[in-house]
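S.K.: sequence unavailable; structure follows:
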């Protein structure tokens, strides 16, 4: 697996406006909630993707990626690695720009599927850390 370079990641984060967060929890003590709240405070629009929630961080939640009606710049994933191939296929269907799996999350099958289709793909790296390291 080879993530984009530091410069490419900076460019992704500078251009992005909308982040769909798959597996965003409505519990404030969860990492997905804390990371997404920071990104929201940094000016990104967050779209929660959680079939068990109505609203998270003041934004209406959707049940799945295909329910999103606007362009998504980054799909940020907080789900276990075995779910990544299915999420990657859903990502491919919505024509989002960048697939991003959080720290500790990697799946070779999903990575190969996405990179073969030419999608910028980041895995096993925290988007909040990347944002805070931006120059």
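M.R.: Cool, got the structure. This is a predicted model, so every value here is computed, not measured.

S.K.: contacts, neighbours, all on C-alpha from now
M.R.: Fine.

S.K.: now residue 118: how far from residue 97?
M.R.: 10 Å (CA to CA, to the nearest Å).

S.K.: let me redo that: residue 104
M.R.: In terms of CA to CA, residue 104 sits 22 Å off from residue 97.

S.K.: next, name the residue at the spatial heart of the protein.
M.R.: Central residue of the chain (CA atoms, centre = their mean): residue 76, 0.8 Å from the mean position.

S.K.: what helix or strand is that one located in?
M.R.: strand 74-77 (DSSP states H and E).

S.K.: quick one: which helix or strand includes residue 21?
M.R.: Residue-wise, residue 21 maps onto strand 18-22 under DSSP H and E.

S.K.: adjacent strands (with direction) for that strand?
M.R.: Next to strand 18-22 in the sheet, as set by DSSP bridges, lie strand 45-49 (parallel), strand 74-77 (parallel).

S.K.: and the helix or strand following the shortest one, which residues are buried?
M.R.: Past strand 74-77, further along toward the C-terminus, the next helix or strand under DSSP H and E is helix 84-94. Taking 16 or more other CA atoms under 10 Å as the neighbour-count basis, helix 84-94 is seen to contain the buried residues 84-85, 87-88, 91-92, 94.

S.K.: ok, the following helix or strand past helix 84-94: who's next to it in the sheet?
M.R.: Counting by DSSP H and E, the next helix or strand C-terminal to helix 84-94 is strand 98-101. Strand 98-101 sits in its sheet next to strand 74-77 (parallel), strand 121-122 (parallel), going by DSSP bridges.
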